[in-house]
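**Student:** Sequence and predicted structure below; questions after.
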Amino acid sequence: MNIKITRLDQTIDGIFGHLVTDGFDCVTLENGGLAIPTGEYSVGVYDSPHAGHPVPILQDVPGRDFIEIHCGNFPEDSKGCILVGMRRVQDTIEQSKAAFNQLFPLIQAAIGRKERVVLTIY
């Protein structure tokens, strides 16, 4: 499974992007001060104590650990992780749970099929 994030815009606080995979797309938001380096990362599933449930996690991010994909609406909701939402409104994203609830089962299913999940950030 290939997941692609194209960064589109950066504000003083956040980096906004577009995520596309397997017939699903959504918007992304990263904390501007803690941007993940562009590149390709394997994705696993991690039982996040922060989120309180399993979430996708990026593996082998240079100099970083525990980079999750999770719900959130504002740049400050991310401590270096990727937030997903259905749409951008000014400097926020909305319908984050809806986006996560569509994306995460796709990732879980691919991992369940023993398929490698790769996220590429451009």
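**Tutor:** On my side now, so go ahead. Numbering: from 1, shown residues only.

**Student:** need the helices for this protein, in chain order.
**Tutor:** Here the chain has its helices, by DSSP state H, at 96-112.

**Student:** any low-confidence regions in it?
**Tutor:** Within the chain, no stretch has pLDDT under 70.

**Student:** can you give me the strands for it?
**Tutor:** Secondary structure of the chain (DSSP state E): strands at 2-10, 14-21, 24-31, 39-48, 53-59, 67-70, 82-85, 87-89, 92-94, 118-121.

**Student:** how many neighbours does Pro75 have?
**Tutor:** When neighbours are counted by other C-beta atoms under 10 Å, Pro75 registers 22. The C-beta positions use only the backbone N, C-alpha and C, and glycine is treated the same way.

**Student:** Do I have it right that Gly72 meets Ser78?
**Tutor:** Yes. Using C-beta atoms under 8 Å, Gly72 is in contact with Ser78, at 5.8 Å.

**Student:** Mutual contacts of these two, please.
**Tutor:** Common contacts of Gly72 and Ser78 (C-beta atoms under 8 Å, 6 or more residues apart in numbering): Leu29.

**Student:** nearest residue to Leu119 other than its sequence neighbours?
**Tutor:** Ile3 (4.3 Å; C-beta to C-beta, 6 or more residues apart in numbering).

**Student:** same check, this time on Met1
**Tutor:** Nearest to Met1 is Ala110, by C-beta to C-beta, 6+ apart, at 3.8 Å.

**Student:** same check, this time on Ser48
**Tutor:** Here the residue nearest Ser48, using C-beta to C-beta, 6+ apart, is Val55, at 4.7 Å.

**Student:** Can you get me a residue count around that neighbour?
**Tutor:** 21.

**Student:** Okay, and the beta partners of it?
**Tutor:** Taking DSSP bridges as the rule, Val55 bridges to Tyr46.

**Student:** Test my guess that it contacts Phe104.
**Tutor:** Yes. With contact defined as C-beta under 8 Å, Val55 counts as touching Phe104 (7.2 Å).
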